[in-house]
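>>> fold the following for me, if possible:
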Amino acid sequence: MKKLKCILLIDDSGGDNRLHKMLIEEMQITDHVQIAEDGKEALDYIKDEKNILPDLIFLDINMPGMNGWEFLSEYKKLDRVKKANIILIVLSGVADPDAINKAPEIHQISNFELKPLTKRVLNNIMETYF
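Numbering: from 1, shown residues only. Model (predicted):
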């Protein structure tokens, strides 16, 4: 299985971030897990030339500050090179029908998954996209 350069977790929940980072590290699918607690922090990370661009982003929708939908609105405006090979997965704690129906309409979203991440879900993502 291909090892990713970087996975970016965009979520305001410290507990979810710790759990997901531990699982990702245990599965050894990347050497770098970056955490952003809202959409603005994530955009700043992606825009910074010194940072490793993520191969995979897990995006929570419900966050204070810049939420997931607002992040996506700004993410769409980024230079193509910045987002060219990034797989973006919405990772939500709630099976919100509006979000589930809205996600496929947004070209940048590759998939919608429910929290918490599991080995099975991560394996499926790796097999499908990498």
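
>>> where does T30 fall, phi/psi-wise?
phi -160, psi 160 (degrees, to the nearest 10).

>>> so what's it up against?
Listed by CB atoms under 8 Å, 6 or more residues apart in numbering, the contact set of T30 reads K3, L4, K5, C6, I7, I24, D55, L56. Every C-beta, even on glycine, is put in place using the N, C-alpha and C of the backbone.

>>> for the nearest residue to P116 once chain neighbours are set aside, give its distance to I86.
Of all residues not flanking P116 in the chain, L19 sits nearest, at 5.8 Å (CB to CB, 6 or more residues apart in numbering). Using CB to CB, to the nearest Å, one gets 22 Å for the distance from L19 to I86.

>>> for this structure, give me the ranges with low pLDDT.
The model of the chain has pLDDT under 70 over residues 1, 95-105.

>>> take the longest helix along the chain, keep the C-alpha atoms, and write them as PDB.
Longest among the helix segments of the chain by residue count, using DSSP state H, is helix 14-27. The C-alpha trace of helix 14-27 is given here as PDB (Å, rounded to 0.1, in the frame of the first residue of the first chain):
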ATOM      1  CA  GLY A  14      -9.500  17.300  20.400                       C
ATOM      2  CA  GLY A  15     -10.600  13.900  21.300                       C
ATOM      3  CA  ASP A  16     -11.600  12.900  17.800                       C
ATOM      4  CA  ASN A  17      -8.300  14.300  16.500                       C
ATOM      5  CA  ARG A  18      -6.200  12.300  19.000                       C
ATOM      6  CA  LEU A  19      -8.200   9.100  18.200                       C
ATOM      7  CA  HIS A  20      -7.900   9.500  14.500                       C
ATOM      8  CA  LYS A  21      -4.200  10.500  14.600                       C
ATOM      9  CA  MET A  22      -3.500   7.400  16.800                       C
ATOM     10  CA  LEU A  23      -5.300   5.100  14.300                       C
ATOM     11  CA  ILE A  24      -3.600   6.600  11.300                       C
ATOM     12  CA  GLU A  25      -0.200   6.300  12.900                       C
ATOM     13  CA  GLU A  26      -0.900   2.700  14.000                       C
ATOM     14  CA  MET A  27      -1.800   1.800  10.400                       C
END
